[in-house]
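[1] My questions concern the predicted model and sequence given below.
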Amino acid sequence: MTGQDTVIALDVGGTSMKCALVGMGGTVLHSHRAPTGRERGPQAVIDTILDTAAELAATPGHRPRAVGLAVPGVIDAARGVAVYAANLGWRDVPFRDLMETRLGLPTGLGHDVRAGGLAEARLGGGRGSDQLLFVAIGTGIAGAHIIAGTPLTGAHGAACELGHVVVRPDGPVCGCGQRGCVEAMASAVSFERRYREATGNPLPAARIIAAVPTDPVAARVWQETVEVLADGLLVGIATLDPDTVVLGGGLAEAGDLLLEPLSAAVAARATFHTVPRLVRAELGDEAGCIGAALLGLERLSQGDD
């Protein structure tokens with residue numbers, strides 16, 4: 001097969017997946033979105049992922065060398081197994097073996113947020129960082145700790161779940177079953193819910209954020225969100241001592257409207273802590289696919305050793 005060497009990269013979410021062909025240097029050459037079809041059940045989602053990768057492999061003008069797959073939930077990256085994903089309903093899916101059997105290409109598997117953090121650490125806002133904390137603030141909240149360019153997975157594939165640190169014990173019930181988690185108080189969904197409860201107006205997060213300078217209710221809910229995020233970040237800083245925190249996800253699209261008050265709130269809380277630099281993610285919506293491609297390249301290099 002002739003053509004440009006590429007990596008097939010898939011970043012799987014709850015309802016859709018980002019699909020890309022990524023160059024060997026990390027540049028996205030082609031991308032599109034496809035539905036996961038989760039309403040058809042977990043096996044259908046698995047089949048869709050494999051079929052989509054096969055379609056990308058057949059793209060004219062490209063020579064696929066590896067596959068990178070980033071998925072949510074608990075991941076056993078060493079075995080290439082997706083252990084559990086609540087929103088997709090699967091358990092113990094041997095994605096690496098399935099993909100390598102289907103396409104005959106070395107396949108790397110990783111956690112979606114850790115893949116995004118890996119991309120930001122190597123090619124994005126965290127370039128040059130030795131101890132990076134990546135925090136994605138979107139529908140949910142999750143973190144990734146990247147040490148010298150390598151994601152820390154933890155003993156059971158569930159490291160750095162900062163969204164489920166309890167910061168308001170009397171707060172609302174979180175999807176994980178605890179009360180007052182960072183995710184339950186400061187995710188985009190929570191932000192929208194609290195504004196709707198206060199005003200009766202069901203606006204998306206982006207419109208509420210745009211109204212912060214002129215709408216007192218939006219300003220109050222935004223400040224509450226910033227305070228919760230600062231408390232959660234301080235736990236991460238005390239535990240991990242990062243030199244850089246990269247903020248990604250939908251709420252980070254607010255830019256300085258988030259970074260400036262959040263940096264001030266973290267600094268105000270710090271006592272013995274060394275406050276790291278806080279920066280916005282640079283790779284945006286492509287971070288997960290780029291990170292997945294990096295995992296595929298790592299798997300390819302292992303085969304070359």
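    Thanks, I have the structure now. Numbering: from 1, shown residues only.

[2] Tally up the residues packed near residue 7, please.
    31 (other CB atoms under 10 Å). C-betas here are computed from N, CA, C, even on glycine.

[3] Name every strand pairing with the helix or strand hosting it and say which way it goes.
    Element membership for residue 7, per DSSP states H and E: strand 4-12. Paired with strand 4-12 in the same sheet, following DSSP bridges, are strand 16-23 (antiparallel), strand 62-71 (parallel).

[4] Now do the helices in this structure.
    Taking DSSP state H to define them, one finds helices in the chain at 42-57, 95-103, 112-123, 182-186, 188-199, 205-211, 216-240, 256-269, 287-304.

[5] Which of the strands paired with strand 4-12 has the highest mean neighbour count?
    strand 62-71 (a mean of 25; mean count of other CB atoms under 10 Å).

[6] average pLDDT for it?
    Strand 62-71 shows a mean pLDDT of 95.

[7] now the strands paired with strand 4-12 in CSV, with distance to residue 200?
    As requested, these are exported to CSV (distance: least, CB to CB, whole Å):
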stretch, distance to residue 200
strand 16-23, 30
strand 62-71, 37
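
[8] Now the terminal residues of stretch 144-152, how far apart.
    7 Å (CA to CA, to the nearest Å).

[9] Equivalent analysis for stretch 234-251, please.
    18 Å.

[10] how about that stretch: buried residues?
    Within stretch 234-251, the residues scored as buried using 16 or more other CB atoms under 10 Å are 234, 236-237, 240, 242, 244-251.

[11] next one: stretch 34-51
    34, 36, 38, 45, 46, 48, 49, 50.

[12] Among those residues, name the least confidently predicted one.
    Out of the buried residues of stretch 34-51, that is residue 38, at 81.

[13] Tabulate the helices of the chain in TSV, adding columns for distance to residue 146.
    Rendered in TSV, the data for the helices of the chain read as follows (distance: least, CB to CB, whole Å):
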stretch	distance to residue 146
helix 42-57	25
helix 95-103	21
helix 112-123	4
helix 182-186	19
helix 188-199	23
helix 205-211	26
helix 216-240	10
helix 256-269	19
helix 287-304	10
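
[14] Least confident of the ones you listed, on average?
    helix 287-304 (a mean of 90).

[15] Would you mind getting the angle between that one and strand 4-12?
    Compare the direction of helix 287-304 with that of strand 4-12 by axes from the mean of the first three to the mean of the last three CA atoms, to 10 degrees and you get 120 degrees.

[16] ok now do the spatially most central residue of the chain, which residues does it touch?
    For the chain, residue 113 is the residue whose C-alpha lies nearest the centre (CA atoms, centre = their mean; 2.6 Å). By CB atoms under 8 Å, 6 or more residues apart in numbering, the contact set of residue 113 is 72, 134, 136, 142, 143, 144.

[17] Weed out the non-buried ones from these.
    72, 134, 136, 142, 143, 144.

[18] ok, back up a step: of the strands paired with strand 4-12, which approaches residue 296 most closely?
    strand 62-71 (3.2 Å; CB to CB).

[19] Dump the C-alpha coordinates for that closest one into PDB.
    Presented in PDB, the C-alpha positions along strand 62-71 are these (Å, rounded to 0.1, in the frame of the first residue of the first chain):
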ATOM      1  CA  HIS A  62      -2.800   7.100   3.300                       C
ATOM      2  CA  ARG A  63      -0.800   4.200   4.500                       C
ATOM      3  CA  PRO A  64      -1.900   3.300   8.100                       C
ATOM      4  CA  ARG A  65       0.900   2.200  10.300                       C
ATOM      5  CA  ALA A  66      -0.900   1.900  13.700                       C
ATOM      6  CA  VAL A  67      -4.200   2.500  15.500                       C
ATOM      7  CA  GLY A  68      -4.800   4.500  18.600                       C
ATOM      8  CA  LEU A  69      -8.000   4.200  20.500                       C
ATOM      9  CA  ALA A  70      -9.100   6.400  23.400                       C
ATOM     10  CA  VAL A  71     -12.200   5.400  25.400                       C
END
